[in-house]
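In: Pasted the sequence and its predicted model underneath.
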Amino acid sequence: MTTSTVQPLRHFKVPETAWVERQMPHYTGAERERVIERIKTLLKKQEATLVAHYYVHEDLQMIAEQTGGCVSDSLDMARFGKEHPASTLVVAGVRFMGETAKILSPEKRVIMPTLEAECSLDLGCPADEFIAFCDQHPDRTVVVYANTSAEVKARADYVATSSIAVKLVEHLKNEGKKILWAPDRHLGAYIQKTTGADMVLWDTACVVHDEFRTRALVDLKQEHPDAAVLVHPESPAGVIELADAVGSTSQLIKAARELPHETLIVATDSGIFYKMRQAAPHKTFLEAPTGGHSATCRSCAHCPWMAMNGLGNLLEVLEKGGNEIHVDETVRQGALRSTQRMLDFASSQHTLVLGRGDA
């Protein structure tokens, strides 16, 4: 396995989660209830459905649940938005999720609470550099993570989410293909180790998962010896090695429900705790330790761009419009090809088995 020389995180500045959250309006009591009810009314009036990722604030997840929308990982968000009859999709997440919705549903209006909600993996894989990198490896099948721009997806042969990435690469390996993977280097390394595939990796990382620390996790595990460790495979290899379950967001929620442990240490974005507590209400959930605390870390186990989604800007976009996602039609057609292959492959798998060998 070889790795590209593109340096991670050089193309952008990461906003601090604490700073982002201070800029967001916080509603309490009766005002919060008023805003929530107003959002529900506007969703119904506009024949819109709210599609929310597990990592956004729990108020948005709750509204999506209560209004017939969707709370899920990026794979099921994409499927749900495509299949739902609503004329407007409101995507609470990061920009690539809105783009994916538009790629699959060009006839629908796709809006987001904010268009400033980016993703470090997307930003760390600019299309022009990525296309040049692919051109250097013309013999490889290009598989890109869903956390990428429409332009990057248009250059790819397949899109993958963490829930199907291992199985997809294993399938391609069995067909005799060599793989070019982008953009997350930790997930790529995990896939390569699990499948033994011949892979070249793009070199960038998620600002949330890259911060989880092996030594600190060992110390926390010693404090809670009966706890299970749940890890997303975007985490560093040393953290993955300590896991009792490795998987996508949906698979980690399943693990939280099914594992016998009463205490769970979770190495992914803390926004997932809303659904984990629903799945296992009597269990205790602890954040896996990161490289810093408060202002000294970039994420503190919560994506600063996911934190840009809130009740205030959700209400504003429904009242005033704007924040609409547009994708160039030529780019969309190319991205649709690789994205549809992802959906078709996922459908062919039926049931994904949870465990250390699945991502």
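Out: Perfect, I can see it now. Residues are numbered from 1 along each chain as shown.

In: hmm, who's touching the top helix by length along the chain?
Out: As assigned by DSSP state H, the longest helix anywhere in the chain is helix 329-349. Here helix 329-349 makes contact (C-beta atoms under 8 Å, 6 or more residues apart in numbering) with 75, 78-79, 82, 99-100, 102-104, 106, 144, 146, 150-151, 153-161, 163-164, 167-168, 171, 327. The way it works is simple: take the backbone N, C-alpha and C, and place the C-beta from them, glycine included.

In: tell me the mean pLDDT for it?
Out: Here helix 329-349 scores 94 as its mean pLDDT.

In: List the buried residues of that helix.
Out: Buried residues in helix 329-349, counted by 16 or more other C-beta atoms under 10 Å: 331-332, 334-339, 341-343, 345-346.

In: Reformat these as a markdown table; add distance to residue 120.
Out: A markdown table is the format used below for the buried residues of helix 329-349 (distance: C-beta to C-beta, whole Å):
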| residue | distance to residue 120 |
| --- | --- |
| 331 | 22 |
| 332 | 24 |
| 334 | 24 |
| 335 | 20 |
| 336 | 25 |
| 337 | 26 |
| 338 | 21 |
| 339 | 21 |
| 341 | 25 |
| 342 | 21 |
| 343 | 25 |
| 345 | 26 |
| 346 | 24 |
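
In: circling back to that earlier point, show me how far the longest helix of the chain is from its chain's centre.
Out: 17 Å (C-alpha atoms, centre = their mean, to the nearest Å).

In: For this protein, name the helix or strand with the lowest mean pLDDT.
Out: strand 2-3 (a mean of 50; mean pLDDT, DSSP states H and E).

In: wait, which of the buried residues of helix 329-349 is closest to residue 256?
Out: residue 346 (21.8 Å; C-beta to C-beta).

In: Which residue ranges of the stretch 201-350 of the chain form helices?
Out: 214-223, 237-241, 249-258, 273-279, 311-320, 329-349 (DSSP state H, counting those that start in this stretch).

In: try the stretch 1-150 of the chain
Out: With DSSP H, counting those that start in this stretch as the criterion, the stretch 1-150 of the chain has helices spanning 17-23, 29-45, 58-66, 74-83, 95-104, 120-123, 127-135, 150-155.

In: Lowest average confidence across these, which one?
Out: Among the helices of the stretch 1-150 of the chain, helix 17-23 scores lowest, with a mean of 69.

In: buried set for it?
Out: 17, 20.

In: mind exporting that helix as PDB, just the C-alpha atoms?
Out: The C-alpha trace of helix 17-23 is given here as PDB (Å, rounded to 0.1, in the frame of the first residue of the first chain):
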ATOM      1  CA  THR A  17     -16.700  24.100  17.800                       C
ATOM      2  CA  ALA A  18     -17.000  26.300  21.000                       C
ATOM      3  CA  TRP A  19     -16.800  29.500  18.900                       C
ATOM      4  CA  VAL A  20     -19.400  28.200  16.400                       C
ATOM      5  CA  GLU A  21     -21.800  27.300  19.200                       C
ATOM      6  CA  ARG A  22     -21.400  30.700  20.800                       C
ATOM      7  CA  GLN A  23     -22.600  32.300  17.600                       C
END
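
In: What is that helix packed up against?
Out: With contacts defined as 3 or more C-beta pairs under 8 Å, 6 or more residues apart in numbering; DSSP states H and E, helix 17-23 has no helix or strand neighbours.

In: Could you tell me which residues make contact with the closest residue in space to residue 48 that isn't next to it in sequence?
Out: In space, and not counting its chain neighbours, residue 48 is closest to residue 88: 3.7 Å by C-beta to C-beta, 6 or more residues apart in numbering. The contact partners of residue 88, by C-beta under 8 Å, 6+ apart, come to 46, 47, 48, 49, 108, 109, 110, 111.
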